[in-house]
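[1] Okay, here's the prediction I keep looking at, along with the sequence it came from:
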Amino acid sequence: MPQSKSWKLGDAEVTVSVPDAVTERVRQVWQEARFEALGGRGGPPRGRARSGEPRERLSVDRIVDVAIKQMREQGYDAVTMRSIAKALGTGPASLYAHVANRAELDQLVVDRVCARLAIPEPDPERWDEQLRQAMRDLLTLYRNHPGVARATLGMIPVGAGVLMVTERMLALLKAGQVPDQYAAWAMDVFSLLVSSVAVEEDMWRQRAADRGTPASEEATVAEVQAVFSALPPEHFPLVTSMAGVLTAGGGDERFEFGVTLLVEGLKAFSRQA
């Protein structure tokens, strides 16, 4: 049955009336946020034993460390609870005392990495450039932590670190007077753009590693352009005539175009609201 519960953070208080499972998750996120807000006082950080409990050799932090390392070295799909347990010298059952399942592990990994994203205080005079830079910085984080972007797909992130990033991104949008509904939907689109670019780069990198002979971007582009140009023009008049522009521009240029398209489109929508 739904229950109403409250937690305090200084002078603030949050009250929820939701099913038990959701209430428990909110309690965990609130505890993490409270711990950070109090500068590491007032409660145990995630992954450490609570007062009075014996310290265990395993911890959430160690499990997440190994998961991120394995994603970087072997790719997202190679990481399992069993592979992590093997790296830690234990059995998979031991991990479940700290992490419930792979879905929760993905949440923890994404939260760890995304919490490193630094977003400045909103400047109404340049909020749009701040927004662009935040997306560039997030892509850099994903590039520095291969595999993590894949964990974000099909996920509703609820970790304290990711929620704080969401809060700060929304603050940038509000500084630009973007209507609430547009701001909410824009968060989804921004996340999908950055994640999809990072995932595609991971896929190309993994394919090259599997072949053992990494192909250059120039060679791949030349091959695709040759295929487009060789198509029968009577059936593909536009693809053949535009083969050069369809394959022009590197990954960073294409990403910047996507970022500008989204931000400028959002600004245009907002002016019409």
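    Nice, I can see it.
[2] Need the contact partners of stretch 208-217.
    Stretch 208-217 is contacted from outside by G250, G251, using Cβ atoms under 8 Å, 6 or more residues apart in numbering. Every residue, glycine included, has its C-beta placed from N, CA and C.
[3] Apply 7 Å and report the result again.
    For stretch 208-217, contacts defined as Cβ atoms under 7 Å, 6 or more residues apart in numbering pick out G250.
[4] where in this structure is pLDDT low?
    Along the chain, the parts satisfying pLDDT under 70 run over 1-57, 214-215.
[5] Show me how the record splits it into domains.
    Per automatic domain parsing, the structural domains of the chain span 1-43, 47-99, 127-212+237-272.
[6] Indicate which one of the ones you listed is closest to L117.
    Of all the domains of the chain, domain 127-212+237-272 sits nearest to L117, with 5.3 Å by Cβ to Cβ.
[7] what separates the closest one from the chain centre, distance-wise?
    Offset of domain 127-212+237-272 from its chain centre (Cα atoms, centre = their mean, to the nearest Å): 10 Å.
[8] Next one: L138 from S229, what distance?
    36 Å (Cβ to Cβ, to the nearest Å).
[9] Show me which of these two is the more surrounded one.
    L138 (25 against 14; other Cβ atoms under 10 Å).
[10] I'd say that one and L117 touch.
    Yes - contact status for L138 versus L117: in contact at 5.7 Å, counting by Cβ atoms under 7 Å.
[11] tally of neighbours for F190?
    21.
[12] I misspoke; the intended subject was A184.
    For A184, the count of nearby residues is 13 (other Cβ under 10 Å).
[13] distance of it from L231?
    42 Å.
[14] check which helix or strand covers T90.
    Secondary structure from DSSP states H and E places T90 outside every helix and strand.
[15] check contacts around it.
    So T90 contacts L58 (Cβ under 7 Å, 6+ apart).
[16] thinking again about what came up before, TSV for the domains of the chain, including distance to D106?
    Output for the domains of the chain, formatted as TSV (distance: least, Cβ to Cβ, whole Å):
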stretch	distance to D106
domain 1-43	14
domain 47-99	9
domain 127-212+237-272	4
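[17] So which elements touch the host helix or strand of D106?
    Using DSSP H and E, D106 sits within helix 102-114. Using 3 or more Cβ pairs under 7 Å, 6 or more residues apart in numbering; DSSP states H and E, the elements in contact with helix 102-114 are helix 60-74, helix 148-152, helix 160-175.
[18] Which secondary structure state does the residue in the chain sticking out farthest from the centre sit in?
    With distances taken as Cα atoms, centre = their mean, the residue sitting farthest from the centre of the chain turns out to be E234, at 43.4 Å. Counting by DSSP: H, G, I helix; E, B strand; the rest coil, the backbone at E234 sits in coil.
[19] what's in contact with stretch 110-129?
    Residues outside stretch 110-129 that contact it (Cβ under 7 Å, 6+ apart): 64, 68, 130, 134, 137-138, 141, 145, 148, 151-152, 155, 157, 159-162, 165, 168-169, 171-172, 175-176, 263, 267.
[20] Restrict it to CA atoms and write it as PDB.
    Taking Å, rounded to 0.1, in the frame of the first residue of the first chain, the C-alpha atoms of stretch 110-129 are listed here in PDB:
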ATOM      1  CA  VAL A 110      26.000   6.200 -14.900                       C
ATOM      2  CA  ASP A 111      25.600   8.100 -11.700                       C
ATOM      3  CA  ARG A 112      29.300   7.900 -10.900                       C
ATOM      4  CA  VAL A 113      30.400   9.200 -14.300                       C
ATOM      5  CA  CYS A 114      27.700  11.800 -14.900                       C
ATOM      6  CA  ALA A 115      28.200  13.300 -11.400                       C
ATOM      7  CA  ARG A 116      31.600  14.500 -12.700                       C
ATOM      8  CA  LEU A 117      29.900  16.800 -15.200                       C
ATOM      9  CA  ALA A 118      30.500  20.400 -14.100                       C
ATOM     10  CA  ILE A 119      27.700  22.800 -15.100                       C
ATOM     11  CA  PRO A 120      28.200  26.500 -14.200                       C
ATOM     12  CA  GLU A 121      25.700  28.900 -12.600                       C
ATOM     13  CA  PRO A 122      23.200  30.000 -15.300                       C
ATOM     14  CA  ASP A 123      24.100  33.200 -17.200                       C
ATOM     15  CA  PRO A 124      21.000  34.600 -18.900                       C
ATOM     16  CA  GLU A 125      23.200  36.400 -21.400                       C
ATOM     17  CA  ARG A 126      24.900  33.200 -22.600                       C
ATOM     18  CA  TRP A 127      22.800  30.300 -21.400                       C
ATOM     19  CA  ASP A 128      22.700  28.800 -24.900                       C
ATOM     20  CA  GLU A 129      26.500  28.600 -25.100                       C
END
